[in-house]
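Q: here are the coordinates; sequence isn't available:
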Ligand SMILES: O=C(O)CCC(=O)C(=O)O
Ligand SMILES: [Fe+2]
């Protein structure tokens, strides 16, 4: 996909980065820029600025068999969790095996939500390697600074044939108005080929500058696929409108998003974990908000570890409060 985008910078120009006063604008900017140059990512930075996303080729993005080792690991983990060995050339089962406890609603594979595989008892070494990939870190650090955190990671999307469009949205923290600086960023490892028909992630180029989420149906004609072969890495600014095209081809679309955030959106103390049902029942809804009960980020563990649970307003007090709150803020 990137081959069709204009080349916007010359790699031969001498860098002005060493003239920067380190820390004046963003701590570590000079070192981050040195990494951007070292890993030949100047063009990707330009694409992040202009379009809000970039696709990095396998040769650059995933050295030394990383993609195959990641794929093997997620297939092993999925088998442990779901009791079936998924075949990248095959299909998702139509229903979950009866005797295996299911943390996820298997029917999600047939809806517009991808399956998100999240419940890891531990972090395998290959995931550490995926996180510490210097190419990924150079771009995420460029967007979020050195102090950024992994916000949610190592979940894996598995999509089969006839998965419909995934709606356009942005991944920002839903402050209104959002920060013009990215407050979060996503890096998606493509563990199988992702063509348009394979249901590639899609973006509305430049939409990160709009500083708002798309209205329902808005931007559909402007979608561009982040298509790429297995081993590519797609990185995007948290404000960029994105979704995924419908998958119409046989075989599985498998990809792993690593989602990052700036640290300042975390509270000094983890007060939200101290809140009891009794406290919520005896206080007005504002109390719940003040005590972190309608936080979007950080809520997944409390509600069971999947998009489906989080978005189910009845599944917990947390979900209920958050849904009510977001309706009143965004008029949804
Ligand atoms: O590629 C997709 O299915 C969309 C993924 C997505 O929206 C995300 O990871 O934030
Ligand atoms: Fe997203």
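A: Right, received. Where do you want to start? Every value quoted in this text rests on a predicted model; they were computed, and no experiment measured them. Ligands and ions are numbered 1, 2, ... in the order given.

Q: ok, the closest residue to residue 222 other than its chain neighbours - contacts?
A: The shortest distance from residue 222 to any non-neighbouring residue, by CB to CB, 6 or more residues apart in numbering, is to residue 204 (4.6 Å). Heads up, the C-betas are built off the backbone N, CA and C, glycines and all. Shown here is residue 204, whose contacts under the criterion CB atoms under 8 Å, 6 or more residues apart in numbering are 168, 214, 219, 222, 223, 224, 240, 241, 242.

Q: Now the buried members of those.
A: The neighbour-count test (16 or more other CB atoms under 10 Å) marks 168, 214, 219, 223, 224, 240, 241, 242 as buried among those.

Q: so the fifth one sits right up against residue 202, yeah?
A: It stands for residue 224. Yes - applying CB atoms under 8 Å, one finds residue 224 in contact with residue 202, separated by 6.3 Å.

Q: distance of residue 159 from residue 208?
A: According to CB to CB, to the nearest Å, residue 159 and residue 208 sit 25 Å apart.

Q: Spatially, what comes nearest to residue 127 if we skip its sequence neighbours?
A: Distances taken as CB to CB, 6+ apart place residue 154 nearest to residue 127, at 5.0 Å, with adjacent residues excluded.

Q: Check residue 148 too.
A: Using CB to CB, 6+ apart, the nearest residue to residue 148 is residue 260, at 4.9 Å.

Q: Where does that neighbour sit: helix, strand or coil?
A: strand (DSSP: H, G, I helix; E, B strand; the rest coil).

Q: What's the per-residue pLDDT of it here?
A: Per-residue confidence (pLDDT) for residue 260: 92.

Q: got the contact list for it?
A: Counted by CB under 8 Å, 6+ apart, residue 260 has contacts 140, 143, 144, 148, 149, 150, 151, 184, 185, 186, 187.

Q: hey, what's it bridged with?
A: Taking DSSP bridges as the rule, residue 260 bridges to residue 150, residue 185.

Q: any idea how far residue 178 lies from ligand 1?
A: Going from residue 178 to ligand 1 by CB to the nearest ligand atom, to the nearest Å gives 15 Å.

Q: what does residue 188 give?
A: Counting by CB to the nearest ligand atom, the gap from residue 188 to ligand 1 is 6 Å.

Q: For the helix or strand hosting that residue, which helices and strands make contact with it?
A: Of the helices and strands defined by DSSP states H and E, residue 188 is found in strand 184-190. Judged by 3 or more CB pairs under 8 Å, 6 or more residues apart in numbering; DSSP states H and E, strand 184-190 is in contact with helix 66-82, helix 134-144, strand 233-237, strand 253-261.
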